[in-house]
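Participant: how would this look folded up:
(2 chains)
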Amino acid sequence: MNYADRVLIADLKRHVEKEVMLAGWLYRNRPSGKVQFLTLRDGSGLCQCVIEKGKIDDDLFDKIKHLGQESSLAITGTIREEQRSVGGYEMAVTSAEIISESKDYPITPKAHGIDFLMKNRHLHLRSQRQWNISRIRHTVVDSIRRFFNDDGFTLVDTPIFTTMAGEDASSLFEVDYFGEPLHLTQTGQLYLETAAMSLGKVYCFGPTFRAEKSKTRRHLTEFWMVEPEVAFAGLKELLELAENFVSFIAKNVLEKNRAQLEQVGANIELLEKIKPPFYRLTYSQAVDILTGPKTKDFMAKQLEEFHQQKKQIEERLSQLEKEQKGSIKQWKREKNAAEIIEIKADLSEVETKIENNPKHAQLAADFKWGKDLGGSDETIISMMHDKPVFVTHYPKEAKAFYMKTDRSDDRVVENFDMLAPEGFGEIIGGSVREDDYDVLVARAKDMGFKPEDYDWYLDLRKYGSVPHGGFGLGVERTVAWMASEKHIRQCIAFPRMMDKVYI
RNA sequence: UCCCCGAUAGCUCAAUUGGUAGAGCGAGCGGCUGUUAACCGCUAGGUCGUAGGUUCGAAUCCUACUCGGGGAGCCA
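Facilitator: Reported below is the predicted structural model:
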């Protein structure tokens, strides 16, 4: 057989009432006495293929009946519209070829724990949820490149082996470079600034490495980041660039991945709200909010909601357990058992929230001007908004030496974070860069850096310094936010986490 | 690094106050012409994470370790 003649499931609408060949993997098989319903996946989608006994060879019919999940096969038949079928089309099979049999595929259509799925990551990627997220990620990445390419930016690939220790050497991975210590890049920014002085508007896009010991759903040790850098730009221009950029990504994902968003249970209504302008707060305003009555009420109200949720879950749980003890139908018993497992996970999540709420409320109430905003503080701010929020003008002690001191208030720098709404937190961090040679040297010294280590970087301020700045956007966090996926490890094919790498 | 939770069949979970280890799914076989995580019957499948301790008796209690999950600091 010539597989080049096969048709993709995504294109079935163009082949209704025609006989075509599909090639893919057996996603599921529900055989009956004289009819079988095969769900085939081919990378472009799912299609139900119906085989009636007598329409194909009897031996083949029996063989397919015992075919394991994920066996590969090519199936030929006539396409028809069918409401009851996934995707709206199905195939009436006329012939089939088993390409390779699969036995005892570990990932069954039932529930699995995250550890098991991660250990089987190479197979887990075939699952529907992962497939959907992969498609969304692809659109996010494609939109990133498209946005900058169409807006006069030039791509500059910055090095992965870097000589610049940057802000904090402890969060960098050290590598032995022929006997010399070098580090894996944490940001392309310093290199990118030099490129911006050549090309004006530039961006880099690639993997980034951080040796932070962060064990949370928002951290990876290797993640993808895109960083634009613009010459002759101030904070206002950067904020506008960032909000247009993020809105463009959201618009494209909505356009191209609506079906995937629906399947993963994303909040489409919220995504549709992602349009400029985003909210803007200064750090000082954020601190006022955190320490003021608004946050206190907000947290108290939320705690009450959590308690309510907990009560509801517990009531449902005891009701289900009561049902399980009585005499009920077998199928009902199973359904309840599945719900009990699910509901117990929800319960422990709500309990964690209840436990954390007072701590976070306390942290917010005790917040002192001058500290960096903590994860929980950002979460609170972002939960109060239904659109992304920019927080600008952080105290300079909490920020990197290269950020430009605000000339109208020298306690703060001209930087910004963009927080995704509904508690997703930081997606973007950026700043205007200090362009005055003397101020920059003084700042570097204050922070304990030796200016001579930054010779080439300082040269940018010696030879025609201009106001400029940029930001970095985390790809996995963006995907997680848009796909409503809790953990960013699900948003990259092969995640690298603190002290854990599966394959 | 710190705090909380967990580890029982291939998978997801049960096992009342310490008393002979269970269910569903998955696998295998059979039945069923419209299934959507189908259903019905039968079969196989376990050194209860590891090591020690308490006890007449431990999956259950205690200690240590290993592994995993969640959270904190820091960040995209």
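
Participant: residues from the stretch 151-300 of chain A in reach of RNA strand B?
Facilitator: Contact residues (Cβ under 7 Å from any atom of the strand) of the stretch 151-300 of chain A with RNA strand B: A:171, A:187, A:210, A:212-221, A:223, A:225. No exception for glycine: its C-beta is placed from N, CA and C like everyone else's.

Participant: hmm, 6 Å instead?
Facilitator: Residues of the stretch 151-300 of chain A lying close to RNA strand B by Cβ under 6 Å from any atom of the strand are A:210, A:212-220, A:223, A:225.

Participant: so A:E314 sits right up against A:D346, yeah?
Facilitator: No: distance between A:E314 and A:D346: 10.6 Å, which falls outside the contact criterion (Cβ atoms under 8 Å).

Participant: neighbouring contacts of the host helix or strand of A:R443?
Facilitator: Assignment of secondary structure by DSSP states H and E places A:R443 within helix A:437-446. Residues from elsewhere that reach helix A:437-446, judged by Cβ atoms under 8 Å, 6 or more residues apart in numbering: A:396, A:401-402, A:405, A:434, A:450-451, A:454, A:458, A:461-462, A:465.

Participant: top of those residues by neighbour count?
Facilitator: A:E434 (26 neighbours; other Cβ atoms under 10 Å).

Participant: With A:D58 as the reference, measure out to that residue.
Facilitator: 79 Å (Cβ to Cβ, to the nearest Å).

Participant: Which strands or helices does the helix or strand following the helix holding A:R443 pack on?
Facilitator: Downstream of helix A:437-446, the first helix or strand assigned by DSSP H and E is helix A:455-462. Applying 3 or more Cβ pairs under 8 Å, 6 or more residues apart in numbering; DSSP states H and E, one finds that helix A:455-462 contacts helix A:189-199, helix A:437-446.

Participant: ok, and what's touching helix A:455-462?
Facilitator: Contacts for helix A:455-462 (Cβ under 8 Å, 6+ apart): A:164, A:190, A:193-194, A:197, A:402, A:434-437, A:440-441, A:451.

Participant: Name the pair among these with the greatest separation in space.
Facilitator: Spatial extent of the contacts of helix A:455-462 (Cβ to Cβ) is set by the pair A:M164 and A:D436 at 20.2 Å.

Participant: Please identify which of the two sits among more neighbours.
Facilitator: Comparing A:M164 with A:D436 by neighbour count (other Cβ under 10 Å), the higher total belongs to A:M164, at 19 against 15.

Participant: Would you mark the buried spots in the helix holding A:R443?
Facilitator: A:440-441, A:443-444 (16 or more other Cβ atoms under 10 Å).

Participant: cool, stretch A:385-399 as well?
Facilitator: Neighbour-count burial for stretch A:385-399 flags A:385, A:387-396, A:399 (criterion: 16+ other Cβ under 10 Å).

Participant: In strands, which of these fall?
Facilitator: Under the assignment DSSP state E, the buried residues of stretch A:385-399 contribute A:389-392 to strands.

Participant: want to throw the residues you listed into CSV with distance to A:S100?
Facilitator: Shown next, in CSV, are those (distance: Cβ to Cβ, whole Å):
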residue, distance to A:S100
A:V389, 51
A:F390, 53
A:V391, 54
A:T392, 57
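
Participant: Mind pulling up the pLDDT for the residue in the stretch 251-400 of chain A positioned nearest to RNA strand B?
Facilitator: In the stretch 251-400 of chain A, the residue found nearest to RNA strand B is A:G374; the distance is 3.1 Å by Cβ to the nearest atom of the strand. Looking at A:G374, its pLDDT stands at 82.

Participant: Show me where the stretch 151-300 of chain A dips below the pLDDT cut-off.
Facilitator: By pLDDT under 70, the weakly predicted segments of the stretch 151-300 of chain A are A:165-170.

Participant: What ranges does it have for its strands?
Facilitator: A:154-155, A:161-162, A:174-177, A:180-184, A:201-209, A:222-231, A:279-282 (DSSP state E, counting those that start in this stretch).

Participant: List the pairing partners of the second one within its sheet, with orientation.
Facilitator: Each strand that strand A:161-162 pairs with, and the sense of that pairing, follows from DSSP bridges: strand A:180-184 (antiparallel).

Participant: now the longest one
Facilitator: Strand A:222-231 has the following sheet partners, assigned by DSSP bridges: strand A:201-209 (antiparallel), strand A:468-474 (antiparallel).

Participant: Out of those strands, which one sits most buried?
Facilitator: When the strands paired with strand A:222-231 are scored by mean count of other Cβ atoms under 10 Å, the highest mean neighbour count falls to strand A:468-474 (a mean of 24).

Participant: What average pLDDT does that strand get?
Facilitator: Strand A:468-474 carries an average pLDDT of 96.

Participant: tell me the angle the helix or strand just after that strand makes with strand A:201-209.
Facilitator: Scanning forward in sequence from strand A:468-474 by DSSP H and E, the next helix or strand is helix A:475-483. For helix A:475-483 against strand A:201-209, the angle by axes from the mean of the first three to the mean of the last three Cα atoms, to 10 degrees is 90 degrees.

Participant: Can you name every helix or strand that helix A:475-483 contacts?
Facilitator: Counting contacts by 3+ Cβ pairs under 8 Å, 6+ apart, helix A:475-483 is packed against helix A:128-149, strand A:222-231, helix A:235-256, helix A:258-264, strand A:415-420, strand A:425-432.

Participant: Now for the residue of chain A positioned farthest from its centre: which residues touch it?
Facilitator: Residue farthest from the centre of chain A, counting by Cα atoms, centre = their mean, is A:G54 at 48.0 Å. For A:G54, the contacting residues are A:K34, by Cβ under 8 Å, 6+ apart.

Participant: how far away is it from RNA strand B?
Facilitator: For A:G54, the distance to RNA strand B (Cβ to the nearest atom of the strand, to the nearest Å) stands at 7 Å.

Participant: Put together TSV for the strands paired with strand A:222-231, with distance to A:N356 on each row.
Facilitator: As requested, these are exported to TSV (distance: least, Cβ to Cβ, whole Å):
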stretch	distance to A:N356
strand A:201-209	28
strand A:468-474	23
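
Participant: Compare those and give me the one nearest A:S284.
Facilitator: Closest to A:S284 of the strands paired with strand A:222-231, according to Cβ to Cβ: strand A:468-474, at 20.4 Å.

Participant: who's in contact with that closest one?
Facilitator: A:144, A:187, A:189, A:192-193, A:196-197, A:223-235, A:238, A:241-242, A:245-246, A:404, A:414, A:416, A:418, A:427-433, A:435.

Participant: What subset of those residues is buried?
Facilitator: Judged by 16+ other Cβ under 10 Å, buried ones among the contacts of strand A:468-474: A:144, A:187, A:189, A:192-193, A:196-197, A:223-231, A:233, A:235, A:238, A:241-242, A:245-246, A:404, A:414, A:416, A:418, A:427-433, A:435.

Participant: for the stretch 1-150 of chain A, what spans make up the helices?
Facilitator: For the stretch 1-150 of chain A, the helices defined by DSSP state H, counting those that start in this stretch cover A:58-65, A:114-119, A:121-124, A:128-149.

Participant: and the longest one, how far out from the chain's middle?
Facilitator: Looking back up the chat, that one is helix A:128-149. Here helix A:128-149 is found 10 Å from its chain centre; the criterion is Cα atoms, centre = their mean, to the nearest Å.

Participant: same thing with stretch A:468-477?
Facilitator: 14 Å.

Participant: How about that stretch and RNA strand B, touching?
Facilitator: Yes: if you take Cβ under 6 Å from any atom of the strand as the test, stretch A:468-477 does meet RNA strand B, through A:472, A:474, A:476-477.
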